[in-house]
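K.L.:
here's my sequence, what's the structure:
(chains A and B)
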Amino acid sequence: MLEIARALVCRDLRLALRRRADVATALLFFVIVASLFPLGVGAEPNLLRAVAPGVIWVAALLASMLSLARLFADDHADGTLEQMLLGAAPLGVVAAAKAAAHWLVCGLPLVLLAPLLALQYDLPGALYGTLVLSLLLGTPVLSLVGAIGAALTLGLRGGGVLLSLLVLPLYVPVLVLGAGAVEMASAGLGGQGQLLLLGAMLVLAAAAAPWAIAAALRISSE
Amino acid sequence: MLEARDLECRRGGRPLFGGLSLTLNPGELLRVAGANGSGKTSLLRILCGLLTPEAGEVRWKGTAIRALREEYARELVYLGHAPAVKDDLTAAENLKYACVFAGLSSTEIGSSIERFGVPADVPIKKLSQGQKRRAALARLALSQQVPLWLLDEPFAALDAAAAGLVEELVRAHAGAGGAVIFTTHQDTRVAATRVIELHA
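P.N.:
Sure thing, here's the model as predicted:
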């Protein structure tokens, strides 16, 4: 069973490597959105420092959502999804592996890029740790919850727009806690409370979302 | 070993078939015939559990397939209209992953691909439609141990040599005690032990 999950993650990573343009689109989107803000709001350092956590988090959230529509659509179109539905592993395991691969391709690079973008906002050095940690805990939740939406809107016309409408409200708690952790830390209160809550959300999402994704996949593939 | 009772199927509000019952025993070759849109693919999808019928149920060795899920999935090979190969992967990689997902041992991938005459290390997108189809069907050569084969139009887009190879595999499988259900609207050289005719 774990062998199947590992093979699926390897396959998706290999596919991402062969279609680098798709991955690069999401990352470039993240970089560009986060870089446009300082140009738009002006170079006032105090203002930039204040908006940095929120802007970086919103940009990461949108970038992560950008690639969601393709998460199951390609597998659905070429028939490999059917084979996964008829695979030897429980569908929940397959769903978890798909979400994990999505995070490795579209979540982890955002976490690694975020400190670089934070430089433009003159974020104090002490906050980098909290920012990275909040993204590290938050982006997997985005992938897991987003995958539920992707599975539900599979095969629908205009699914992309519906997907955003469905998923964005569910992203709000992650955004509030993630950006809040960095803001709390910058106010000297420490962001541990928010980070712990993010961790709890990650545990909950990791336990429940794969089964919700599996149920949604069964419904949409009928 | 496979038993379906009173299956009813509707697609898009339109009834396709109803009251369809069938049993399949080891060694049998069942051909599902019918015009386009008569529900051949839907029947196959119901039999493998991808589609829920409006009424009736499918049983595998006496147990409803809804209760078996992966246990049943491990006992069958379903090859649908879509070839289920990734364009960016090579034939060998596609076959390797297909085997892992299906829980099959993947030791003879090279020989199976060679048998079907597909270049092993070229991405599928660089191959022709027929070769793509061959790459998908190469899975059959590794699935002799899997008792039930459900093949949707296995001879579509194949040249005579590849069609002959598929026929040979299907016959060998039935000869070894496996069961095969396949759909086709052409007459084939595979002598089916039974034919089900679907009327739209």
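K.L.:
partner strands of whichever strand or helix holds residue B:56 and their direction?
P.N.:
With secondary structure defined by DSSP states H and E, residue B:56 is part of strand B:55-60. Strand pairing for strand B:55-60, determined by DSSP bridges: strand B:2-11 (antiparallel), strand B:63-64 (antiparallel).
K.L.:
contact partners of the shortest one?
P.N.:
I take that to be strand B:63-64. For strand B:63-64, the surrounding residues in contact (CB atoms under 8 Å, 6 or more residues apart in numbering or on different chains) are B:57, B:58. (Glycine included, C-beta is placed from N, CA and C.)
K.L.:
mind redoing it with 6 Å?
P.N.:
residue B:57 (CB atoms under 6 Å, 6 or more residues apart in numbering or on different chains).
K.L.:
same question for the longest one.
P.N.:
When contacts are defined by CB under 6 Å, 6+ apart, strand B:2-11 is touched by residues B:16-24, B:39, B:42, B:53-56, B:58-60.
K.L.:
now do the same contact list for residue A:94.
P.N.:
Contacts of residue A:94 (CB under 6 Å, 6+ apart): residue A:84.
K.L.:
out of the strands paired with strand B:55-60, which comes closest to residue A:196?
P.N.:
Evaluated over these, closeness to residue A:196 peaks at strand B:63-64, with 44.8 Å, by CB to CB.
K.L.:
what residue spans form the domains of chain B?
P.N.:
Here the domain parsing of chain B from automatic domain parsing is B:1-75+B:147-200, B:84-145.
K.L.:
from the chain's centre, how far out does the longest one sit?
P.N.:
What it means is domain B:1-75+B:147-200. Computed by CA atoms, centre = their mean, to the nearest Å, the chain-centroid distance of domain B:1-75+B:147-200 equals 7 Å.
K.L.:
so which of the domains of chain B is the most packed in?
P.N.:
Looking across the domains of chain B with neighbours counted as mean count of other CB atoms under 10 Å in any protein chain shown, the highest average goes to domain B:84-145: a mean of 19.
K.L.:
ends of that domain, how far apart?
P.N.:
Start and end residues of domain B:84-145 are separated by 20 Å (CA to CA, to the nearest Å).
K.L.:
now stretch B:19-36
P.N.:
For stretch B:19-36, the end-to-end distance is 20 Å (CA to CA).
K.L.:
please apply the same query to stretch B:77-94.
P.N.:
With CA to CA applied, stretch B:77-94 spans 15 Å between its terminal residues.
K.L.:
does chain A have contacts with that stretch?
P.N.:
Yes - on the criterion CB under 6 Å from any CB of the partner chain, stretch B:77-94 is in touch with chain A at B:78, B:80, B:82, B:84, B:88.
K.L.:
what does that stretch contact?
P.N.:
The contact list for stretch B:77-94 (CB under 6 Å, 6+ apart) reads A:15, A:18, A:78-80, A:82-83, A:86, B:48, B:109, B:113, B:118, B:120-121, B:123-125, B:132-133, B:135-136, B:143, B:146, B:149-152.
K.L.:
sitting in strands, which of these do you find?
P.N.:
Counting by DSSP state E, these place B:149, B:150, B:151, B:152 in strands.
K.L.:
close to chain A: what parts of chain B are there?
P.N.:
Residues of chain B lying near chain A (CB under 6 Å from any CB): B:51, B:70, B:73-74, B:78, B:80, B:82, B:84, B:88, B:97, B:100-103.
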